[in-house]
Every structure is written in C-alpha cells, then in structure tokens.
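Colleague: predicted model and sequence follow; I will ask about them next.
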Amino acid sequence: MTDGDSTVASLSVDGIRTALHCPRRYELASVDGLECGEDDAVEERVDLLRTAICDALRSGETDREGIESAARDRLSSLWSDHDERFHSVAQRRHERRVLDATIVAYAERIGTDHAVGIERLTTDATGGELIGPGLPLSSTIALSEPKAEPELDGETISIDATVDYVSGDDSSIVGVRFVPTLAPLGRLRYRSDWEGDVATRFTDHFADDADVFDPDPVGVLFETAVVLDGLRDLRDRLGLGDRTCRYVQIPVADRSSLSVNWVQNEVETNLEVVDLTDVYVDHHTFGMTHDHRNETVDGRLATVAATLVAESFDPARRWNEIEEHACPDCDYTVCCQEYIAHEVRFDG
Ligand code: SF4
C-alpha cells in the first residue's frame, strides 16, 4: 500500500487473524512458536483439493471434462498417500466420494470460466506464476501508531497472504482461495456493501464503549485488504495493465451443501463463489484512488500490525470478550498465564 522508509518485519494474515481473537494466543503461537492441538483433518483434505484442482488448471485443460478428469486423477494419486486415521473403511470411502463430488461441482460450476481466465492472463502476462496452491502475495503498509510507539513512525511492514490461483479477463484480475467453509465471514456472506452494518460492526469491534467482538469478519476484511494489495503488486509486476483486482473465496468443505444417497453410495454437492471485494471497498476511497481500497479497514490494519510489531500482547483490555469467546476453544489454556490466573481466582 505504500513505499515506506524501511521495513521492520513481516506478519502473516493468519497471524493477524489469530491476534484478533487474542493477542496472547498470537504470541504463544507465532512469537514463542508453541505448537498445540491436533492436526486438522479438514484442512488436510482441503489441501488435497487445492493441489488436485491447481494441478488440473496447470495442465492447460479448459473444458469441464478435461478439468474434472485431470483433477480426479491427481486426487487419486494424492489420496493413496493420505494417511488420515478413519473410523472405518466405509468412512474413508465416503470422504473420498465427498472430495470427488467437490471436484465435479468445481468443474461444472467454476472450472471452465476460471481456466479460460488463467489462459487469458497468461497470454497477456510477462511471465510469472498464476497458479498455486498457496501462491504468495504480499502487501507493504506504513505502521500507524506513532504516538504509542514513536520509534515505529515511518516504518513499514510486509504482510503476507496466499491465494490458490489468479484468474481474470480483460478488465479484472481475480485472486481465488479455497477455504473450508464460509463460517468466518458471518454477515459478510450476505452483504454486498461496506456501508451499513458491515462498517458499523467493524468500527464497533475496536471501540472501547461498544459490546461487539467480531474477530472473524474483521480478519476476513483484513485478509481482503492484503490480498487486493498483493494482487495489484502482482498485476504491475506481470504487466497486466490497469485491470481492477478482486478477491473471491470458494468453500470446499461445507457439509451443509452435501446431498448423500446412502443406498446408492452417491454424493453430490454445490459450490458457492463469494466475492469479498464489494463488501470491503468503501466508495469514498474508491472515488479518490480508483483502486479497490477501504481507508477505515486499511488504517485499522496498520494499527493492529503496529501493536504486534511493538510486542503488545496483553489481553487485559478485552479480557471479558476474550474469556467468553476465545478461551473456551483455545489450545493454549495449559500454558497461558492469564487463563491460569483466572482459573485460580475462580477456584479460590
Ligand atoms: S487461553 Fe484465553 S487468554 Fe490465554 S491465549 Fe488462549 S484465548 Fe488467549
């Protein structure tokens, strides 16, 4: 977002999203490097789909049958090395059918358009990679907490995010990321404008006098800001002209869209494509810059990044919300000083 004086560090969008739930959790996970919790089987299956679909897109296939066939073949070889522990052979077969059904739905609903879009961008680009999975993007922002941390004034920080591939057309470049579900979006899923309750709840999340704690949607808006800025950088590096940048997510592990025929062992699913661009952009900033930006989100992202760079991890300011919403499913309760102190007080 800026060409600053000097870059002091880098952060990841995932780290910032963790810090929005609880800054101490971020410190334990990202600064101290403590690993907690079990491997996430759902994330691992999403990774299989990411790899299978991206490799199918990389094959150059652009019609539905070709994309589906290439992705299913790739999934088949990935699945033979997949060592997830299942309750039974039947469960393992069922999960495999779910993954196959997801590929079929992707090829039918999305694959052709996106494959053609990748082909078009590749023709216009001056080299560079458009297909991941985990294609890295980066946004450089100026830190904005000069009063609290004067030594950070003028410093910049790089924030990293990923998309799984980049598609587009003559007027736009679209970053696409496969996610497990759309649950973190909250009301963003059902809104198409920033103005209104999206803006109000975003602002209230950071207000001392408002009873709003919305870390997931706030994190998604931060992620959108970083991805769009990273896409602008990629667009400029690849010589893709003045195309506008957009960011979409596709949920590929959403059980609510599954339809299972247990008698015939058949699974079907639908895939939704959610474009987060419009719910992020504020029209005033867009009018001033002609870029998909949001001054409020971008400014608050710079402030949150500055507090993390300054190693300010004390959860006390939001303790009531963190204790109610973040602690119950936190993997770090056994090593968290605040949580242990609170439990001791509670027991005493
Ligand atoms: S136990 Fe609670 S306070 Fe401690 S790191 Fe986890 S969420 Fe934060």
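Modeller: Looks like it came in fine.

Colleague: OK, contacts around residue 103?
Modeller: Taking C-beta atoms under 8 Å, 6 or more residues apart in numbering, we find residue 103 in contact with 49, 52, 53, 68, 71, 72, 75. In this view, the C-beta of every residue, glycine as well, is placed from N, C-alpha and C.

Colleague: got the phi and psi for the first one?
Modeller: As for residue 49, its main-chain torsions (degrees, to the nearest 10) stand at phi -60, psi -40.

Colleague: for it, what are its contacts?
Modeller: Counting by C-beta under 8 Å, 6+ apart, the residues that residue 49 touches are 75, 99, 102, 103, 178, 252.

Colleague: out of these, which one sits closest to residue 155?
Modeller: Among those, residue 178 lies closest to residue 155 (C-beta to C-beta), at 33.8 Å.

Colleague: can you tell me the closest non-neighbouring residue to the residue of the stretch 151-300 of the chain found nearest the ligand?
Modeller: Proximity of the stretch 151-300 of the chain to the ligand (C-beta to the nearest ligand atom) peaks at residue 215, 10.7 Å away. When the adjacent residues along the chain are set aside, residue 215 lies closest to residue 20, with 3.7 Å between them (C-beta to C-beta, 6 or more residues apart in numbering).

Colleague: next, count neighbours for that neighbour.
Modeller: Around residue 20 there are 23 other residues, counting by other C-beta atoms under 10 Å.

Colleague: the helix or strand in which it is found - contacts with which helices or strands?
Modeller: Residue 20 is part of helix 13-21, with elements assigned from DSSP states H and E. Packing partners of helix 13-21 (3 or more C-beta pairs under 8 Å, 6 or more residues apart in numbering; DSSP states H and E): helix 23-26, strand 155-168, helix 215-237, helix 295-309.

Colleague: show residues contacting stretch 167-178.
Modeller: 46, 49-50, 53, 113-115, 117-118, 120-121, 130, 133, 137, 162-166, 227-228, 230-231, 234-235, 240, 243-252.

Colleague: can you show me the strands along the stretch 51-200 of the chain?
Modeller: Counting by DSSP state E, counting those that start in this stretch, one finds strands in the stretch 51-200 of the chain at the ranges 131-142, 155-168, 172-179.

Colleague: residue 195: neighbouring residues, count only.
Modeller: 13.

Colleague: ok, now residue 93?
Modeller: Neighbours around residue 93, by other C-beta under 10 Å: 12.

Colleague: from residue 50, how far off is it?
Modeller: 22 Å (C-beta to C-beta, to the nearest Å).

Colleague: next: residue 325.
Modeller: From residue 325 to residue 50 the distance is 29 Å (C-beta to C-beta).

Colleague: tell me which stretches of this protein form helices.
Modeller: For the chain, the helices defined by DSSP state H occupy 13-21, 23-26, 41-58, 64-80, 89-106, 112-124, 197-205, 215-237, 277-280, 283-289, 295-309, 319-321, 337-347.

Colleague: low-confidence stretches in the stretch 51-200 of the chain?
Modeller: 145-154 (pLDDT under 70).

Colleague: what residues does the chain put near the ligand?
Modeller: 22, 24-25, 28, 315, 322, 326-327, 330, 332-333, 336, 338-339 (C-beta under 6 Å from any ligand atom).

Colleague: show me the contacts for the residue nearest to residue 215.
Modeller: 215, 216, 218, 219, 222, 304 are the contacts of residue 20 under C-beta under 8 Å, 6+ apart.

Colleague: neighbours of the second one, how many?
Modeller: Neighbour count for residue 216, taken as other C-beta under 10 Å: 15.

Colleague: residues near the residue in the stretch 1-150 of the chain that the ligand sits nearest to, how many?
Modeller: Closest residue of the stretch 1-150 of the chain to the ligand, C-beta to the nearest ligand atom: residue 22 (3.3 Å). Each residue near residue 22 was counted by other C-beta under 10 Å, and the total is 27.
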